[in-house]
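Student: Attaching a predicted model along with its sequence, questions to come.
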Amino acid sequence: MPRVLAISGSPSPTSRTTALLRHVGHRVAADGHDLRHLTLRDLPAAPLLHADTGHPAIREVLRAIERSDALIVGTPIYKASYSGLLKTLLDLLPQHALAGKTVLPLATGGSPAHVLALDYAVRPVLTALGTDRVLHGWFVLDQHLTQRDEGGLAIAPEAVGGIRRSVDRLLAALGPSARPGSTGRSPARDGGLDGAGRQLAVTG
């Protein structure tokens, strides 16, 4: 069963980017893949900023990336580039950390002017880390994503098709899942977490 790690590079506690990754994660997990979520803002700041790879939380993140077959990398776009939080993580990865891995980049932002940031900012840094399997991702306008009070995410019709096609490309790259009779429905809740996979456990 392919292992997929969804990484949110948003520093916001009410992040549309993180909500988008959770939404996408429902479908990836429902397809039978082993999905984990990593929210970078939950990591201890000092060891992350100081690239302390000996710290238990940072060491666990590096292990999770190493063990993954694919990554979903989500970031808000600020000033035509990915978040500083995501850059902090990428800067501490070994040179060929993403070699052999499939990567789907997803981005959110307030203006259509930022749509090219996926190709001109995000894709090059992922490629520089050794992967030649960066899939065509998708940029979603903030106004097309609404977080519901009861949980979940409402996506405007304008954005639904692009997100769906992006996930289709990831699932095609991963190949058939090991789960027989996959229905495309979200799996049952596990340990109080949503059906979009489990949160990567890190120690502060």
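Tutor: Noted; the coordinates are in hand.

Student: just so I have it, where are all the helices in this structure?
Tutor: Ranges of helices in the chain, per DSSP state H, are 16-30, 45-49, 56-67, 84-92, 117, 123-128, 157-174.

Student: Leu104: which of those is closest?
Tutor: Among the helices of the chain, helix 157-174 comes nearest to Leu104, with 4.6 Å by CB to CB. Quick note: C-beta positions are derived from backbone N, CA and C, even for glycine.

Student: mind putting the helices of the chain in TSV, mean pLDDT included?
Tutor: Formatted as TSV, the helices of the chain follow (pLDDT from 0 to 100):
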stretch	mean pLDDT
helix 16-30	96
helix 45-49	96
helix 56-67	97
helix 84-92	96
helix 117	94
helix 123-128	97
helix 157-174	97
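
Student: could I get the ones you listed as TSV with distance to Phe139?
Tutor: Listed next are the helices of the chain as TSV, based on distance: least, CB to CB, whole Å:
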stretch	distance to Phe139
helix 16-30	11
helix 45-49	26
helix 56-67	23
helix 84-92	15
helix 117	7
helix 123-128	12
helix 157-174	8
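
Student: wait, which of these is closest to Asp149?
Tutor: helix 16-30 (12.6 Å).

Student: could you say what helices and strands that closest one packs with?
Tutor: Applying 3 or more CB pairs under 8 Å, 6 or more residues apart in numbering; DSSP states H and E, one finds that helix 16-30 makes contact with strand 3-8, strand 34-39, strand 70-76, strand 102-109, strand 145-147, strand 153-155, helix 157-174.

Student: Tell me the spacing between the spatially closest residue to Ala156 that is not a sequence neighbour and Gly54.
Tutor: Nearest residue to Ala156, sequence neighbours excluded (CB to CB, 6 or more residues apart in numbering): His144, at 3.8 Å. According to CB to CB, to the nearest Å, His144 and Gly54 sit 41 Å apart.

Student: thinking Leu129 is in contact with Leu93, fair?
Tutor: Yes: between Leu129 and Leu93 there is a contact at 5.9 Å, judged by CB atoms under 8 Å.
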